[in-house]
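Visitor: I'd like to go over a predicted model; first the sequence, then the structure.
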Amino acid sequence: MRPLKLDSGEMDRLRQLRRTLHSRPETAHREFKTAETIKQYMKAYRPSQVVEHIGGTGLAFVFDGIESGPTLLFRAELDALPITETNTFQHRSTVPGTSHKCGHDGHMTMVAGLAHLLAAQPPQRGRVVLLFQPAEETGEGAARVLADENFLRLKPDYVFALHNLPGYDLHTVITRYRHFAGSSRGMMITLKGKTSHAGEPENGISPAPAAADIIKRFNRLVDDSQDRLKQFSLITIIYALIGEPAFGTSPGLGKVYATLRAYEDDDLAFLSQQCVDTVKSIAQQENLHYEIGWTEEFPATVNDPDCVDSVRKAADSLGLPQLHVENPFRWTEDFGHFTHAYKGVLFGLGAGKQSPQLHNPDYDFPEELLQTGISIFHHVIRDLLKGGHS
Ligand SMILES: [Zn+2]
Ligand SMILES: [Zn+2]
């Protein structure tokens with residue numbers, strides 16, 4: 001049996017890949033060079049099948065096992081963020097205003113690292129799909145991948161992903177049965193009235209009182225709905241606009257944007273309806289037309305208990321510290337689309353208490369985690385795809 005550890009030459013090659021990806025970041029839907037870099041890198045490991053252009057720039061590499069059996073999928077994300085990097089190290093971002101501030105460069109490298117091990121020793125049975133997914137940060141990538149015929153043909157049975165988590169001790173494996181990360185969606189409200197001369201506001205219809213009312217009501221809505229909500233829920237006003245900076249004009253247009261968030265999809269649906277009803281009644285009172293749009297929809301990530309056990313077993317065998325969290329995380333992950341469609345697990349990997357938080361301009365993926373992530377994933381493969389099963 002091949003040991004779980006990669007040798008120092010292989011680790012050097014992977015670190016180099018991570019730094020190359022870090023220095024050439026691309027934001028959601030534009031991950032062309034990133035996908036090409038991954039494709040070139042994977043050539044040396046001769047996957048059984050390569051599927052390109054999944055849900056945009058996504059790509060998958062299939063490694064067949066010796067006998068037939070279940071298909072395990074491991075997901076990494078291709079996209080970086082529209083954030084200017086403040087780090088000055090050699091592999092810093094060379095793209096102005098763009099950088100890998102969520103560690104997706106590290107996640108990609110871990111999944112690519114599995115190819116080293118799978119090429120050296122194919123699984124005893126089943127097959128492994130290494131998926132590189134576009135546009136995680138906007139909540140669109142997973143949904144597009146899951147709607148793509150080329151992806152559906154791969155028919156995974158179980159799906160796995162991890163996210164590095166600053167604020168937790170390095171290498172800590174963070175798990176939770178069932179709900180792991182929350183659900184959220186962006187609500188975009190447009191209020192349309194009528195402009196008029198600022199000296200005669202009574203001749204127009206200003207959206208200002210309605211916008212102010214909506215903001216106030218939204219801020220109270222979760223408290224007012226406590227008896228109907230099962231779990232933690234939150235509404236955050238993230239943007240508002242009324243009219244133009246023109247002192248002679250009473251405004252005719254208003255916008256209010258809010259992020260709705262909950263642990264459970266049912267609560268989010270309830271909250272969404274409450275928000276729609278609130279906007280409708282206020283707009284009617286004020287004689288305004290209104291439009292409501294939704295964006296960046298992330299369903300809750302719900303872990304399958306057997307898949308969680310498989311990750312915990314791997315962590316046990318590797319002697320890694322573990323943390324089983326009491327509450328789901330408030331942040332969202334578009335991996336929730338995958339756990340809705342398939343049995344799977346998203347787990348956290350501590351990135352160190354001192355690490356800058358995700359999406360901060362000075363964050364960088366801790367490379368010490370590369371071997372840890374690869375070992376956990378590889379352990380899961382060996383556990384679920386070992387021979388002797390029916
Ligand atoms: Zn992120
Ligand atoms: Zn992320």
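Guide: Cool, the structure landed. Numbering: from 1, shown residues only. Ligands and ions are numbered 1, 2, ... in the order given.
Visitor: Going along the chain, name the helices of this structure.
Guide: Remark: helices of the chain, listed N- to C-terminal, are 8-23, 32-43, 104-120, 141-146, 149-152, 208-224, 265-285, 305-318, 336-341, 369-384; assignment by DSSP state H.
Visitor: how about those in CSV, adding mean neighbour count, distance to residue 353 and mean pLDDT?
Guide: All C-beta atoms are positioned from the backbone trio N, CA, C, and that covers glycine. Supplementary listing: the helices of the chain in CSV, determined by neighbours: other Cβ atoms under 10 Å; distance: least, Cβ to Cβ, whole Å; pLDDT from 0 to 100:
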stretch, mean neighbour count, distance to residue 353, mean pLDDT
helix 8-23, 17, 22, 97
helix 32-43, 17, 30, 98
helix 104-120, 24, 18, 97
helix 141-146, 23, 30, 97
helix 149-152, 14, 37, 96
helix 208-224, 16, 31, 97
helix 265-285, 17, 31, 97
helix 305-318, 18, 19, 97
helix 336-341, 22, 27, 96
helix 369-384, 22, 14, 97
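Visitor: Out of those helices, which gets nearest to residue 327?
Guide: Go through those one by one with Cβ to Cβ and the one that ends up closest to residue 327 is helix 265-285, at 13.8 Å.
Visitor: mind giving me TSV with the helices of the chain and columns for distance to residue 88?
Guide: Shown next, in TSV, are the helices of the chain (distance: least, Cβ to Cβ, whole Å):
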stretch	distance to residue 88
helix 8-23	13
helix 32-43	23
helix 104-120	17
helix 141-146	30
helix 149-152	39
helix 208-224	41
helix 265-285	41
helix 305-318	34
helix 336-341	36
helix 369-384	22
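Visitor: out of those helices, nearest to residue 252?
Guide: Using Cβ to Cβ as the criterion, the shortest distance between residue 252 and the helices of the chain is 10.4 Å, found for helix 208-224.
Visitor: helices and strands around the closest one, which ones?
Guide: strand 178-192, strand 233-242, strand 253-262, helix 265-285 (3 or more Cβ pairs under 8 Å, 6 or more residues apart in numbering; DSSP states H and E).
Visitor: what do you get if the cut-off is 6 Å, keeping everything else the same?
Guide: The helices and strands touching helix 208-224, judged by 3 or more Cβ pairs under 6 Å, 6 or more residues apart in numbering; DSSP states H and E, are strand 233-242, strand 253-262, helix 265-285.
Visitor: Same list, the ones you listed, but as TSV with distance to residue 354 please.
Guide: Conversion of the helices and strands packed on helix 208-224 to TSV gives the following (distance: least, Cβ to Cβ, whole Å):
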stretch	distance to residue 354
strand 233-242	28
strand 253-262	28
helix 265-285	34
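Visitor: nearest to residue 47, of those?
Guide: Between residue 47 and those, the shortest separation by Cβ to Cβ is 34.9 Å, and it involves helix 265-285.
Visitor: relative to helix 208-224, how tilted is the closest one?
Guide: In terms of direction (axes from the mean of the first three to the mean of the last three Cα atoms, to 10 degrees), helix 265-285 departs from helix 208-224 by 150 degrees.
Visitor: Need the CA coordinates for helix 265-285. PDB is fine.
Guide: Below are the C-alpha coordinates for helix 265-285, written out as PDB (Å, rounded to 0.1, in the frame of the first residue of the first chain):
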ATOM      1  CA  ASP A 265     -34.100  26.800   4.200                       C
ATOM      2  CA  ASP A 266     -37.700  26.800   5.600                       C
ATOM      3  CA  ASP A 267     -36.900  29.800   7.800                       C
ATOM      4  CA  LEU A 268     -35.400  31.600   4.800                       C
ATOM      5  CA  ALA A 269     -38.500  30.900   2.700                       C
ATOM      6  CA  PHE A 270     -40.700  32.200   5.500                       C
ATOM      7  CA  LEU A 271     -38.600  35.400   6.000                       C
ATOM      8  CA  SER A 272     -38.600  36.000   2.200                       C
ATOM      9  CA  GLN A 273     -42.400  35.900   2.100                       C
ATOM     10  CA  GLN A 274     -42.600  38.300   5.100                       C
ATOM     11  CA  CYS A 275     -40.200  40.700   3.300                       C
ATOM     12  CA  VAL A 276     -42.300  40.600   0.100                       C
ATOM     13  CA  ASP A 277     -45.500  41.200   2.000                       C
ATOM     14  CA  THR A 278     -43.900  44.100   3.900                       C
ATOM     15  CA  VAL A 279     -42.700  45.800   0.600                       C
ATOM     16  CA  LYS A 280     -46.100  45.200  -1.000                       C
ATOM     17  CA  SER A 281     -48.100  46.800   1.700                       C
ATOM     18  CA  ILE A 282     -45.800  49.800   2.200                       C
ATOM     19  CA  ALA A 283     -45.600  50.500  -1.600                       C
ATOM     20  CA  GLN A 284     -49.400  50.300  -1.900                       C
ATOM     21  CA  GLN A 285     -49.800  52.800   1.000                       C
END
